[in-house]
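J.: my questions are about this predicted structure, shown below with the sequence.
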Amino acid sequence: MESLQAPNETTLARLGLSGASLTPLESGLINKTWLAELADGERRVLQMLNPIFPAAINEDIDAVTRRLAERGLVTPRLVATVDGALWLEYCGAVWRQLSYVPGETVERVPSAAHAREAGALLGRFHDALADFQYEFANARLGVHDLDGHVAALAAALAAHAEHREFAAVESVATEILELRAQLPSLPETPDRNVHGDPKISNIVFDVASPRAVCLIDLDTLARMPVALEIGDALRSWCNASGEDSADARFDTALFAAAIEGYAATSRAFIDEAEWRGFAAATLRIAVELAARFCTDALAESYFGWDPERYASASAHNLARARGQLALARDIARQRAALEAEIERTFAV
């Protein structure tokens, strides 16, 4: 049986990676990932897909990255197996390889210049896909269904009353549900083709400058209102404390830079109803993630976790829930100022 920790020689041969040296990449917590270096110096990214993803998701990645490349954007591309397939299914696992894009990833935005570059890159990504007609094999319906996530949290509280961390989780959940009841509604806008998880660690930056090179981790491609995509980006990019920090705060300088960058590259397609929803969507996504992390602090069944920093999945996800709750409170406190900044940037 194939090891779940590393590919065997048969797997490597069928991928065209015989003799390649492998270095584990630990930046992600979902797919197992290695940097593969061939004898001629070529680098590729090798991944074993998490079972939560269907193999056909690679068809979505191939279609979208072809479009991005046609529009002149840098993007990782799937590298075919020796049989010409987009992926390899072997011994119960799905394997794929992608071209390697040199650069660096970060866990927190280092500067306003980086935030501006990230915003500009995401705008170019959305613009390249604005008129792209494609039906996703992995549609990811309901990924930002806030009511559904809140219902799941309520169900987890009812089902896991004996959990060792129940009292701590219940206290956080109560605050999340109270904040959810106060959320503003979002404008009705059309769905667009989006990345689906534009957190800062999914952007490759140039090593020598703040330039944002490309978006990676494309398993989350989907269609949804663009405000939800921007909200997900901003709650990550503008969190000055880090995702797991209980005293997270929302950095308005990073926010202003990111909005400026996005506006500069999105004006060809964005409309007023969409950009007016950005602040409310950012708050909504922080609350949604707090609810999801809180749910998994009890269920311990979905999110990956870091065993080097936390004793259990429950402990890590409770820390994440507290961090997103703190961030949501700070966004709510500053929402009027954030909306004014968006108005100044887009209404010109």
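T.: Okay, I see it. Numbers count the residues shown, from 1 in each chain.

J.: got the domain boundaries for this structure?
T.: 9-99, 112-346 (automatic domain parsing).

J.: and the residue nearest to the spatial centre of the chain, what pLDDT?
T.: Among the residues of the chain, the one closest to the centroid is Asp197, at 2.3 Å (CA atoms, centre = their mean). Listed pLDDT for Asp197 reads 95.

J.: re the thing from before, need the winner for burial among the domains of the chain.
T.: domain 112-346 (a mean of 19; mean count of other CB atoms under 10 Å). C-beta coordinates here come from the backbone N, C-alpha and C atoms, glycine included.

J.: so Ala328 makes contact with Phe293?
T.: No. Ala328 lies out of contact with Phe293 (CB atoms under 8 Å); the separation is 11.7 Å.

J.: put together a markdown table for the domains of the chain, with distance to Thr105 on each row.
T.: Converted to a markdown table, those look like this (distance: least, CB to CB, whole Å):
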| stretch | distance to Thr105 |
| --- | --- |
| domain 9-99 | 6 |
| domain 112-346 | 5 |
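
J.: out of those domains, nearest to Val106?
T.: domain 112-346 (6.1 Å; CB to CB).

J.: now that closest one, how far from the centre of its chain.
T.: Computed by CA atoms, centre = their mean, to the nearest Å, the chain-centroid distance of domain 112-346 equals 8 Å.

J.: mean confidence score for the top helix by length along the chain?
T.: Using DSSP state H, we find that the single longest helix of the chain is helix 313-346. Averaged across helix 313-346, pLDDT comes to 96.

J.: which other helices and strands contact it?
T.: Counting contacts by 3 or more CB pairs under 8 Å, 6 or more residues apart in numbering; DSSP states H and E, helix 313-346 is packed against helix 166-180, helix 226-237, helix 252-266, helix 272-275, helix 278-299.

J.: so can I have JSON lines of those helices showing distance to Ala311 and mean pLDDT?
T.: Below are the helices and strands packed on helix 313-346 laid out as JSON lines (distance: least, CB to CB, whole Å; pLDDT from 0 to 100):
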{"stretch": "helix 166-180", "distance to Ala311": "13", "mean pLDDT": "97"}
{"stretch": "helix 226-237", "distance to Ala311": "25", "mean pLDDT": "97"}
{"stretch": "helix 252-266", "distance to Ala311": "32", "mean pLDDT": "98"}
{"stretch": "helix 272-275", "distance to Ala311": "42", "mean pLDDT": "98"}
{"stretch": "helix 278-299", "distance to Ala311": "12", "mean pLDDT": "97"}
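
J.: next, format these as TSV and append distance to Ala130.
T.: Converted to TSV, the helices and strands packed on helix 313-346 look like this (distance: least, CB to CB, whole Å):
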stretch	distance to Ala130
helix 166-180	31
helix 226-237	10
helix 252-266	9
helix 272-275	12
helix 278-299	17
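
J.: how close does the residue nearest to Leu289 when sequence neighbours are not counted get to Glu178?
T.: Nearest residue to Leu289, sequence neighbours excluded (CB to CB, 6 or more residues apart in numbering): Gln324, at 4.5 Å. In this view, Gln324 and Glu178 are 14 Å apart by CB to CB, to the nearest Å.

J.: and what of Arg124?
T.: Distance from Arg124 to Glu178, by CB to CB: 39 Å.

J.: overlap of the contact sets of Ala328 and Phe293?
T.: Contact criterion CB atoms under 8 Å, 6 or more residues apart in numbering; residues shared by Ala328 and Phe293: none found.

J.: got phi/psi on Asn239?
T.: Here is the backbone geometry of Asn239 (degrees, to the nearest 10): phi -80, psi 100.

J.: so it is in contact with Glu107, correct?
T.: No. Counting by CB under 8 Å, Asn239 stays clear of Glu107, with 10.1 Å between them.

J.: nearest to Ser201, of the helices and strands packed on helix 313-346?
T.: helix 226-237 (8.0 Å).

J.: for that closest one, packing partners?
T.: helix 112-128, strand 191-194, helix 252-266, helix 272-275, helix 278-299, helix 313-346.
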